[in-house]
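Participant: this one's structure only:
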């Protein structure tokens, strides 16, 4: 895992990235606005992807200063154009790197970051796959209709609101799509074993859509 900095307009954004040899693809993590690249849960998923031959970019959606403002005002979590531009800036950085040339690209949206991942997916036409953990606030119909990448929603079976929202989103998506429930898990996937199952299903979706070989099984 390497630490890098890329820019979104003039703002430096900190990130971790890793690219295994003979990588099958690369996934950009789009975190909760209240989370960061140091999230234990997200790093666990990243290691599962890496062991299976998929690279990752873990970046901070907000700077430290913006994060402090967010805690007081929640202004950034409600500013979808702002967050979407951050995701697209991460995508541009990846595509500018010679070592990533021709590697399939995916997004993993997590919590509040999922809505920004949806919005960016409607713009980033080269995206090969999208996975969201927990159903986001329902994006607009125009956003959903413009998503081409195969999309998987993973929702805890105890998250009834997330399941309802996810079902509505699925109805409006015109791409390949699926909604899968994580047994005995809530909105944050913090129950014993939930993150392991979630990581496996996430990997399987990406590796298949990237044109890889094997799925993970228990």
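Facilitator: Received the coordinates, thanks. Predicted model only: the values in this text are computed from it and were never measured.

Participant: rest of the way, CA atoms for contacts and neighbours
Facilitator: Will do.

Participant: what does the helix or strand of the chain with the lowest mean pLDDT rub up against?
Facilitator: Of all helical and strand segments in the chain, the minimum by mean pLDDT, DSSP states H and E falls on helix 64-73, at a mean of 88. Counting contacts by Cα atoms under 8 Å, 6 or more residues apart in numbering, the residues outside helix 64-73 that touch it are 33-34, 75-77.

Participant: which element follows it toward the C-terminus?
Facilitator: helix 80-96 (DSSP states H and E).

Participant: what sits up against that following helix?
Facilitator: 6-8, 28, 30, 59, 61, 76-77, 100-101, 115-117, 119-120, 124.

Participant: Show the average pLDDT along that helix.
Facilitator: The average pLDDT for helix 80-96 rounds to 94.

Participant: What is the burial count for residue 131?
Facilitator: Neighbours of residue 131 under the rule other Cα atoms under 10 Å: 29.

Participant: picking that back up, minimum pLDDT in the contacts of helix 64-73, which residue is that?
Facilitator: residue 34 (65).

Participant: With residue 71 as the reference, measure out to the residue nearest the centre of the chain.
Facilitator: Taking Cα atoms, centre = their mean, the centroid of the chain lies closest to residue 108, which sits 1.6 Å from it. Using Cα to Cα, to the nearest Å, one gets 23 Å for the distance from residue 108 to residue 71.

Participant: mind listing what's buried in stretch 14-33?
Facilitator: 14-20, 23-33 (16 or more other Cα atoms under 10 Å).

Participant: distance between it and the chain's centre?
Facilitator: Centroid separation for stretch 14-33 versus its chain: 10 Å, with Cα atoms, centre = their mean, to the nearest Å.

Participant: Which residue ranges of this protein form helices?
Facilitator: Along the chain, the stretches classed as helices by DSSP state H are 40-51, 64-73, 80-96, 113-121, 141-145, 160-172, 194-209.

Participant: any chance of those in JSON lines, plus mean neighbour count?
Facilitator: What follows is these, written out as JSON lines (neighbours: other Cα atoms under 10 Å):
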{"stretch": "helix 40-51", "mean neighbour count": "18"}
{"stretch": "helix 64-73", "mean neighbour count": "13"}
{"stretch": "helix 80-96", "mean neighbour count": "18"}
{"stretch": "helix 113-121", "mean neighbour count": "27"}
{"stretch": "helix 141-145", "mean neighbour count": "15"}
{"stretch": "helix 160-172", "mean neighbour count": "17"}
{"stretch": "helix 194-209", "mean neighbour count": "20"}
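
Participant: between these, which one is nearest to residue 185?
Facilitator: Minimum separation from residue 185 across those (Cα to Cα) falls at helix 194-209, 6.1 Å.

Participant: From the contact counts, what lies against that closest one?
Facilitator: helix 40-51, strand 127-133, strand 177-182 (3 or more Cα pairs under 8 Å, 6 or more residues apart in numbering; DSSP states H and E).
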